[in-house]
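Enquirer: Below are the sequence and a predicted model for it; my questions follow.
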Amino acid sequence: MRRVIGEVEKKLRAHEYKMTPKREHVLRVLLENKDKHLSAEEVYNLVKQRSPDVGLATVYRTLELFSNFNIIHTVDFGDGRKRFEFGAENTGEHRHHHLICRHCGRIIEVNEDLLGELEERVSRDYDFSISDHELKIYGLCCKCTGKRDEE
């Protein structure tokens, strides 16, 4: 975690921003919950437990700053709330995809590159340089279809 914080600090400094203690609290919350897709309010509530003097506006500004520098990504799952996740390029992982249950709202991460072949074809056929992609698949999870959860 310290290595990632150092890299983010370097990225901020390169753009003439500082890694303040409040920004570090937000970053730590995101890193500790990188398997979740937290809303700004959820980030705020977790940061507040560590540092009661951090305001909601500070969390929003920090999330926007991190998003502007591709430290985090915003994701919209169609529930009216912007969610945040730590950027794949910051962990060395491939950007993952999401399965979203329309009934319970459960979000399942798919950590496979499902679009590699499609990207190659689109690049070739349309002479298009792809920089990123995002895939969201909506349906019903196994709990909502009545099947046992096999995870």
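Expert: Everything's here; your move.

Enquirer: quick one: residue 31 from residue 102, how far?
Expert: 30 Å (CB to CB, to the nearest Å). All C-beta atoms are positioned from the backbone trio N, CA, C, and that covers glycine.

Enquirer: More neighbours: these two, which one.
Expert: More neighbours surround residue 31 than the other of residue 31 and residue 102, with 15 against 12 (other CB atoms under 10 Å).

Enquirer: Give me the neighbour count for the residue lying closest to that one once chain neighbours are set aside.
Expert: In space, and not counting its chain neighbours, residue 31 is closest to residue 1: 5.6 Å by CB to CB, 6 or more residues apart in numbering. Per other CB under 10 Å, the neighbour tally for residue 1 reads 9.

Enquirer: same check, this time on residue 46
Expert: Here the number of neighbours of residue 46 (other CB under 10 Å) works out to 19.

Enquirer: quick one: contacts for the closest residue to it other than its chain neighbours?
Expert: The shortest distance from residue 46 to any non-neighbouring residue, by CB to CB, 6+ apart, is to residue 29 (4.5 Å). Residues near residue 29 by CB atoms under 8 Å, 6 or more residues apart in numbering: 38, 43, 46, 47, 50.

Enquirer: pLDDT below threshold where in this structure?
Expert: Applying pLDDT under 70 to the chain flags residues 87-95, 147-151.

Enquirer: Next, the residue most central in space within it: secondary structure please.
Expert: Among the residues of the chain, residue 85 comes closest to the average C-alpha position under CA atoms, centre = their mean, at 1.4 Å. The three-state label given to residue 85 by DSSP: H, G, I helix; E, B strand; the rest coil is strand.

Enquirer: now it: how far from residue 32?
Expert: 13 Å.

Enquirer: just checking, residue 108 touches residue 140?
Expert: No: using CB atoms under 8 Å, residue 108 is not in contact with residue 140, being 11.4 Å away.
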